[in-house]
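1. Kindly return the folded structure for what I paste below:
(4 chains)
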Protein chains: 2
Amino acid sequence: MPRSRKAPTMVDIARAAGVSPMTVSRAFKSDGAVTDATRKAILAAAEDLGYVFDSVASNLRSQRTGFVAVTIPSINNANFADTVDALSEGLSQRQLQILLGYTNYDIIEEERLIDQLLRRRPEALVVTGGNHTARARRLLSNAGIPVVEIWDLPEDPIGHVVGFSNAGAVRAMVAHFVARGKTRIAFIGGDAERDKRGSDRRAGFIAAMQSHGLDSTRLIAAGPPPISMREGANSMRQLINSLPDTEAVICVSDLSAFGALSECQRQGIPVPGRFSVAGFGDYEIGAVSVPSLTTINPFPREIGTRAAALIRDVLDSREQGHIVVPITPELLLRESSC
Amino acid sequence: MPRSRKAPTMVDIARAAGVSPMTVSRAFKSDGAVTDATRKAILAAAEDLGYVFDSVASNLRSQRTGFVAVTIPSINNANFADTVDALSEGLSQRQLQILLGYTNYDIIEEERLIDQLLRRRPEALVVTGGNHTARARRLLSNAGIPVVEIWDLPEDPIGHVVGFSNAGAVRAMVAHFVARGKTRIAFIGGDAERDKRGSDRRAGFIAAMQSHGLDSTRLIAAGPPPISMREGANSMRQLINSLPDTEAVICVSDLSAFGALSECQRQGIPVPGRFSVAGFGDYEIGAVSVPSLTTINPFPREIGTRAAALIRDVLDSREQGHIVVPITPELLLRESSC
DNA sequence: ATGAAAGCGCTAACAG
DNA sequence: CTGTTAGCGCTTTCAT
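-> Model prediction:
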């Protein structure tokens, strides 16, 4: 039935089934109070006419869209993908659907995106990170829907938070290396202002090194996001050339850590024998590489699961307090730093 | 302005600006014929009242949503992410926004998803793969909007196609190994019925091996999707144990190929010296690993770019012919098979 | 360039 | 359990 004329509406179904449009409407809701027989007849008529329920009209009338808007820096990042996947799963039970947008690690783009997403009248909004333009903050504050910032612990949260301290996690990593007797430790990445979580990790490295009374200036830039393996390899080459006495390197991500590791392999530098490497994020590569990578697991799926639960709760209770759900990253000691 | 009472509508803005709602509506369209002065006043009033344009109402009245629905098997796959990213970019110029759904490699789930997405009244629909349930095919055929199947060349396309032959690409890989003098070649993955592209690759391997008069039964299962590095390593272990005289392995993905490579490294098997490895997809891991991985680049971004261009064209011209845009994957010979 | 009237397709609210 | 009425917020259409 190639929709030759015009798509059928509930009125058409109602006529075909000999009921009122309202009954058709009820037949399409799971909790609609309709006799089994009439519902069956209505659904049959709908199937017969090739009817497709119109959510747009439903949304306008009921003032509920079933959307939860989500912004992430990039779709091509396994950590954020895990969070979105878990979020999506946790929201589907409430019939909520994710409306996803990519900021490309740019808060100007994020502002534009938030503005656009808000026009679609989502019932909640999840943003990655706590760094926003003034206007974006205003839009979020006035949106009149639950707002959740994830993957960070913002100083001045807009609404709810499900996240962790990126700086704190790296501090634990530095402590691990120091306990292993390393003193000349470098950091790769986090130089891009656009990637706030990356620069937080780098700042955490610097602060931790200083608190241990160690040289905190072995910093190698890895360029603008997205973080890549290639940049990690390039940075490692640079590190070997410029600071050859370095003993260990902490990377802003497992991706750059693997790149660094591959460069060591190319240059015949034994890891961990001569050099230790650590990453961040617990990507699959770190578990499978030889040697496996010491890293930090920030529990991306848990972030999504918790954010979904939070949204469900807030939507239920109309709770207005600002809830902070702290996530505790886990230090995973593996072969690359033994 | 925490929306204490009720969100302002165009009527409120109109009153505040001393114009009719229709003029407010025009002021918000880029091509709306409104005096610069009145537009300025209207936008100022809107900003002042914290007005947020309501797309839902706009969509209902204009019967245009600006959505393009897209289904992919998994959000956590760099190849599909690249396609979606390029697609998104190519559609944004037409103010089209992607409404994304994940099928989890399950055509039953895909059917449910298509049904749900269609209710949102997208203006076009992009589905990954050419394998669908009968009802899904019917829904797509009757949707009255352009349908594009990507990442495959279906025998019986529903609408338009932007894709390539997965079997054909693997055939080229087999030819490469045979030319290198390899005869005992294995294939890892593609055993899961749910991953049609994976099983197409495996089928291509079997057919190619048979056409060369070679043993086509060195097949190792890698379990259900998503394809993982870990499964690649497990499969390699199995291969080494069960068919130790194998000379080369083609994997369903670079991820499994890297897993296989890592297992070789753990067991001290020189690659490519004693054993050759190839993957599929041209993931970043294959370019950075040591040795780098011979693979096939299916141009995921190009698939997205072409699909976006196709949708723009079809939406413009109301063209009804079924267009097929063939993508030609490229064989990338790298260190792992030299 | 601006306005008035009507209505997109559905469902809240109320009635029976 | 079913129906009637009205209207969600915007834009099409037709005037002016």
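2. Ramachandran coordinates for A:Pro329?
-> Backbone torsions of A:Pro329, given as degrees, to the nearest 10, read phi -60, psi 150.
3. And the pLDDT at it?
-> In this model, A:Pro329 is scored at 98, pLDDT.
4. Next up, the contacts around it.
-> A:164, A:168-169, A:172, A:296-299 (Cβ atoms under 8 Å, 6 or more residues apart in numbering or on different chains). For glycine as for every other residue, the C-beta is placed from the backbone atoms N, C-alpha and C.
5. Using JSON lines, please lay out those together with secondary structure and neighbour count.
-> Converted to JSON lines, the contacts of A:Pro329 look like this (DSSP: H, G, I helix; E, B strand; the rest coil; neighbours: other Cβ atoms under 10 Å in any protein chain shown):
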{"residue": "A:Phe164", "secondary structure": "coil", "neighbour count": "23"}
{"residue": "A:Gly168", "secondary structure": "helix", "neighbour count": "16"}
{"residue": "A:Ala169", "secondary structure": "helix", "neighbour count": "21"}
{"residue": "A:Ala172", "secondary structure": "helix", "neighbour count": "15"}
{"residue": "A:Ile296", "secondary structure": "strand", "neighbour count": "25"}
{"residue": "A:Asn297", "secondary structure": "strand", "neighbour count": "18"}
{"residue": "A:Pro298", "secondary structure": "coil", "neighbour count": "23"}
{"residue": "A:Phe299", "secondary structure": "coil", "neighbour count": "20"}
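6. list the buried ones in stretch A:33-40?
-> Buried residues in stretch A:33-40, counted by 16 or more other Cβ atoms under 10 Å in any protein chain shown: A:34, A:38-39.
7. Is that stretch in proximity to DNA strand D?
-> Yes - contact of stretch A:33-40 with DNA strand D (Cβ under 7 Å from any atom of the strand) involves A:33-35, A:38.
8. Closest to chain B out of the residues you listed?
-> A:Val34 (19.3 Å; Cβ to the nearest Cβ).
9. So that closest one versus A:Met22, what's the distance?
-> 10 Å (Cβ to Cβ, to the nearest Å).
10. same check, this time on A:Gly304
-> Separation of A:Gly304 from A:Met22 (Cβ to Cβ) stands at 38 Å.
11. Is the residue nearest the centre of chain A within a helix or a strand, and which one?
-> Nearest residue to the geometric centre of chain A (Cα atoms, centre = their mean): A:Phe80, 3.4 Å. Per DSSP states H and E: A:Phe80 is located in helix A:78-92.
12. Averaged pLDDT, the helix or strand that that helix is followed by. What do you get?
-> Per DSSP H and E, helix A:78-92 leads on to strand A:97-102 as the next helix or strand towards the C-terminus. Per-residue pLDDT values over strand A:97-102 give a mean of 97.
13. which helices and strands does the helix ranked longest in chain A pack with?
-> Ranked by residue count and defined by DSSP state H, the top helix of chain A is helix A:300-317. Counting contacts by 3 or more Cβ pairs under 8 Å, 6 or more residues apart in numbering or on different chains; DSSP states H and E, helix A:300-317 packs against helix A:78-92, strand A:124-128, strand A:147-150, strand A:160-163, strand A:324-326.
14. Any idea how many residues pack against A:Pro66?
-> Quick fix: residue A:66 reads Gly, not Pro. 20 (other Cβ atoms under 10 Å in any protein chain shown).
15. Isn't the residue nearest to the centre of chain A up against A:Val70?
-> No - in this structure A:Phe80 lies outside contact range of A:Val70 using Cβ atoms under 8 Å: 9.4 Å.
16. Around chain B, which positions in the stretch 151-300 of chain A sit nearby?
-> Proximity of the stretch 151-300 of chain A to chain B (Cβ under 8 Å from any Cβ of the partner chain) is limited to residues A:228-230, A:233, A:255, A:258-259, A:262, A:265-266, A:284-285, A:287-290.
17. Helix, strand, or coil at the residue of the stretch 101-250 of chain A found nearest DNA strand C?
-> Per Cβ to the nearest atom of the strand, A:Arg121 is where the stretch 101-250 of chain A lies closest to DNA strand C, at 13.1 Å. Put simply, A:Arg121 is coil when judged by DSSP: H, G, I helix; E, B strand; the rest coil.
18. neighbours around it, how many?
-> Neighbourhood size, A:Arg121 [other Cβ under 10 Å]: 23.
19. gap between it and A:Ser317?
-> Distance of A:Arg121 to A:Ser317, computed by Cβ to Cβ: 21 Å.
20. Please apply the same query to A:Gly129.
-> The gap separating A:Gly129 from A:Ser317 is 26 Å, by Cβ to Cβ.
21. and A:Arg301, what does it touch?
-> Contacts of A:Arg301 (Cβ under 8 Å, 6+ apart): A:82-83, A:85-86.
22. let's see it at 6 Å
-> With contact set as Cβ atoms under 6 Å, 6 or more residues apart in numbering or on different chains, A:Arg301 has these partners: A:82, A:86.
23. Repeat that for A:Glu284.
-> Residues near A:Glu284 by Cβ under 6 Å, 6+ apart: B:Met229.
24. Can you list phi and psi of it for me?
-> Main-chain dihedrals, A:Glu284, degrees, to the nearest 10: phi -60, psi -40.
25. And it, how far from DNA strand C?
-> Here A:Glu284 is placed at a distance of 42 Å from DNA strand C (Cβ to the nearest atom of the strand, to the nearest Å).
26. ditto for A:Ala41
-> From A:Ala41 to DNA strand C the distance is 17 Å (Cβ to the nearest atom of the strand).
27. That residue - nearest residue in space that isn't next to it in sequence?
-> Take A:Ala41 and drop its neighbours on the chain: the residue closest to it by Cβ to Cβ, 6 or more residues apart in numbering or on different chains is A:Ala17, 5.0 Å away.
28. can I assume that neighbour is in contact with A:Leu43?
-> No - counting by Cβ atoms under 6 Å, A:Ala17 does not reach A:Leu43; the two are 8.9 Å apart.
29. Specify which residue of these two has the higher count of neighbours.
-> Neighbour totals were compared for A:Ala17 and A:Leu43, and A:Ala17 leads with 22 against 16 (other Cβ under 10 Å).
30. OK, contacts around that one?
-> A:Ala17 makes contact with A:41-42, A:45 under the criterion Cβ under 6 Å, 6+ apart.
31. and with 8 Å instead?
-> A:23-24, A:38, A:41-42, A:44-45.
32. Mind giving me the ChimeraX select for those residues, buried ones only?
-> Burial among the contacts of A:Ala17 is assessed by 16+ other Cβ under 10 Å; the matching ChimeraX selection reads:
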select /A:23,24,38,41,42,45
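33. Quick check: the two most widely separated of the contacts of A:Ala17?
-> The distance between the two most remote of those (Cβ to Cβ) is 13.9 Å, for A:Thr23 and A:Ala44.
34. Give me the contact list for stretch A:263-278.
-> Residues from elsewhere that reach stretch A:263-278 (Cβ under 8 Å, 6+ apart): A:173, A:176-177, A:180, A:182, A:232-234, A:236-237, A:240, A:246-251, A:257, A:260-261, A:291, A:293-295, A:335-338, B:290.
35. Give me the buried subset of these.
-> For those, buried by 16+ other Cβ under 10 Å: A:173, A:176-177, A:182, A:232-234, A:236-237, A:240, A:246-251, A:257, A:260-261, A:291, A:293-295, A:336-337, B:290.
36. pretty sure A:Ala260 is touching A:Val249, no?
-> Yes - contact criterion Cβ under 8 Å: A:Ala260 and A:Val249 qualify, at 5.9 Å.
37. Check the contact lists of these two and give me the overlap.
-> A:188, A:236, A:239, A:277.
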